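Asker: Quick one: sequence and predicted model below, then my questions.
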Amino acid sequence: MTNCILEVKDVSRAFGGVVALNRVGMSIETGKITAIIGPNGAGKTTLFNLVAGVYPVSSGEIRFRGTPLDNIPVHKRTTIGIARTFQNVLLFENMTVLENAMTGQHARSRYGFFEAALRLPKAHREEETISLKAMKYLNLVGLGMYAQQNALDLPLGQQKLLTIARALATEPQLLMLDEPGAGLNTLEKRDLADLVRRIRDMGITILLVEHDMDLVMGLAEWVIVLDSGQKIAEGTAAEIQRNQRVIAAYLGEEEEVE
Amino acid sequence: MVLRAKDRWPYLFTAGLILIIILIPFHWFLGVKISLFTLVGISTMITLGLCLLMGYTGQVSLGQAAFYGIGAYVSAILSATYDVNPWLAMAIAATITGAFAYFIGYPIFRLRGNYLAMATLGLGIIIWILFKELDQYTGGPDGIGGIPNLSIGGFSFDTSMKRYYLVWFFCLAILLASQNIVGSRVGRALRAIHGGEAAAQATGINTAQFKVKIFVLSAVYASLAGSLYAHVVRQVSPGSFDFLESVVIVTMAVIGGLASIWGAIFGASTILILKNELLVGLGEIETILYGLILVLVMIFMPKGLFVSLKELYEAWRLRYARRGDKP
């Protein structure tokens, strides 16, 4: 398929004897919001880390825009257009809000130690672009007015928005959000859903892992369900809600009594 | 445009500090202590490298004295034994030290935390032993004497005052360069590595490469300091580059505030004044004292003495500002 930004083919990943993912395959359509759901331990975050390159696949292949990803280190994956946020936020605590977002522009700028030390014109020019773009993404997520604050002084909800701004500042084609709704209140979740749709409208494909079913069902255009390391279903939100295997995975199976 | 008090403060501070640095060699000020303050300049250079490496990037090194020593010895051997031009010798020393740091950098930064500290500590000791044992080149425990003065054209840095200004010229140049780096894309990358490597990589930062690069830069700073030391003191011996020296450098960086560029001057002068003026002739107790200072500062002022004092001052100002009158 040509309109798939990410293809996961027959991918397995084992940690020691534990098989976290077992021959999972999926295609993520370009320009859509796709959600991966599943009970705890289903292998959702493992899949994220495999795509992001935190550890290699045990077998199988992941292709991003047709290119196999194996042997491409994490930071290069960011350069070719994969960005992510983390379940546990992971902001740079020793920086301001603006600097966090500016760090996202690292892969899109080039100047190094030499230009920095001597403040050469190249450094000046790039630094201007970096801060402009960082501000643009801060404003997009609604944190523009907090630019000069310390990142850790923000409440959790805004910290999570900042990680999205930082990821956007890498100018990705695929944005992976790891449980963006966790720890947010209802109002914040609604704003988050709006934000994610706006990002999609900018032409960025969204892949998200989420526990909150209301958020997923209202937001995702395609839902993939994992359970115990295997894909058990995929489809639109409505289809998934009716799927017997999915219901069984979440609620436990009905046993027949003889 | 009139700057607000808070914005004006750093400029006043910098100007005042530079004025003091310029005035120190004069007799009516601290002229008698000129060699001490020359040494402060040299130590500040090494400390700055460690601040970038440890304070900003979060990577420990207990072996900076090795790079300091390599710089000093290469300069000494080339200029005293082989009559190479001292400036060329200094450049060669910096290149050798940088290349050495680069090659050991990749394997050594596979380690983290305490293991990294142990590896750099071992490195420092190995290099120190080489200084002592390769006596056909290094003169063994006696070291090398008769190192020529640095000179530009016909102008020779042959008095302590000239040497003092030369050292501080280098020191302030490095300080400025470091400050520029800290506020740049590179500085953000370094701080990101300190903040969390997983997140740093996810923003496209090649963490392994940046760690090695900053290690190389800190080594080159130390090497330049070593070369200057060789030409200022005009005599080098292994005792100046032993493990204790590495510890002293760490103590200077910690006192100044690890993540504070200007703090390096403060840290270096505090320790050297303590060592040379207030605590003379303590022998082994000196080592215990550095340990004690390190522990106390880390417990009570983890941001360093310099930064803590600065924050105290700012808090004091703020209290007056809240009351609505001027201090």
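Answerer: Sure, I can see it.
Asker: Can you give me the neighbour number for the residue of the stretch 101-250 of chain A at minimum distance from chain B?
Answerer: Relative to chain B, the nearest point of the stretch 101-250 of chain A is residue A:107 (2.8 Å; CB to the nearest CB). The way it works is simple: take the backbone N, C-alpha and C, and place the C-beta from them, glycine included. Look at residue A:107: counted by other CB atoms under 10 Å in any protein chain shown, it has 23 neighbours.
Asker: and the end-to-end length of stretch A:199-212?
Answerer: End-to-end distance of stretch A:199-212 (CA to CA, to the nearest Å): 20 Å.
Asker: Could you confirm whether any residue of it contacts chain B?
Answerer: No: using CB under 8 Å from any CB of the partner chain, stretch A:199-212 stays clear of chain B, with a minimum separation of 14.3 Å.
Asker: in that stretch, what counts as buried?
Answerer: A:199-200, A:204-210, A:212 (16 or more other CB atoms under 10 Å in any protein chain shown).
Asker: Can you show me the strands along the chain?
Answerer: If you meant another chain, say so; for now it's chain A. A:4-15, A:18-29, A:33-37, A:59-64, A:67-68, A:82-84, A:174-178, A:205-209, A:222-227, A:230-235 (DSSP state E).
Asker: actually chain B
Answerer: Under DSSP E, chain B gives strands at B:151-152, B:155-156.
Asker: if we can go back for a sec, out of the strands of chain A, which one sits most buried?
Answerer: Stretch with highest mean neighbour count among the strands of chain A: strand A:82-84 (a mean of 27; mean count of other CB atoms under 10 Å in any protein chain shown).
Asker: where in the chain is pLDDT low?
Answerer: Reading this off chain A. A:1-2, A:253-258 (pLDDT under 70).
Asker: my bad, the chain I had in mind was chain B
Answerer: In chain B, residues with pLDDT under 70: B:1-8, B:322-327.
Asker: For it, which residues are neighbours of chain A?
Answerer: Residues of chain B found near chain A (CB under 8 Å from any CB) are B:177-178, B:180-181, B:184-189, B:191-192, B:194-196, B:198-207, B:213, B:217, B:259.
Asker: Just the ones of those residues in helices?
Answerer: Secondary structure from DSSP state H places B:177-178, B:180-181, B:185-189, B:191-192, B:194-195, B:198-202, B:207, B:213, B:217 of the residues of chain B next to chain A in helices.
Asker: Let's have the strands of chain A in a markdown table, adding distance to residue B:33.
Answerer: Converted to a markdown table, the strands of chain A look like this (distance: least, CB to CB, whole Å):
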| stretch | distance to residue B:33 |
| --- | --- |
| strand A:4-15 | 62 |
| strand A:18-29 | 65 |
| strand A:33-37 | 68 |
| strand A:59-64 | 63 |
| strand A:67-68 | 64 |
| strand A:82-84 | 55 |
| strand A:174-178 | 58 |
| strand A:205-209 | 64 |
| strand A:222-227 | 71 |
| strand A:230-235 | 75 |
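Asker: List the residues that contact residue 34.
Answerer: Going with chain A. Neighbouring residues of residue A:34 by CB atoms under 8 Å, 6 or more residues apart in numbering or on different chains: A:28, A:205-208, A:220-224.
Asker: try again with chain B
Answerer: So residue B:34 contacts B:24-25, B:160-161, B:164 (CB under 8 Å, 6+ apart).
Asker: Now the two most distant members of these.
Answerer: B:24 and B:160 (11.3 Å; CB to CB).
Asker: between those two, which one's more packed in?
Answerer: Taking neighbours as other CB under 10 Å, residue B:24 and residue B:160 compare with residue B:24 leading, 21 against 14.
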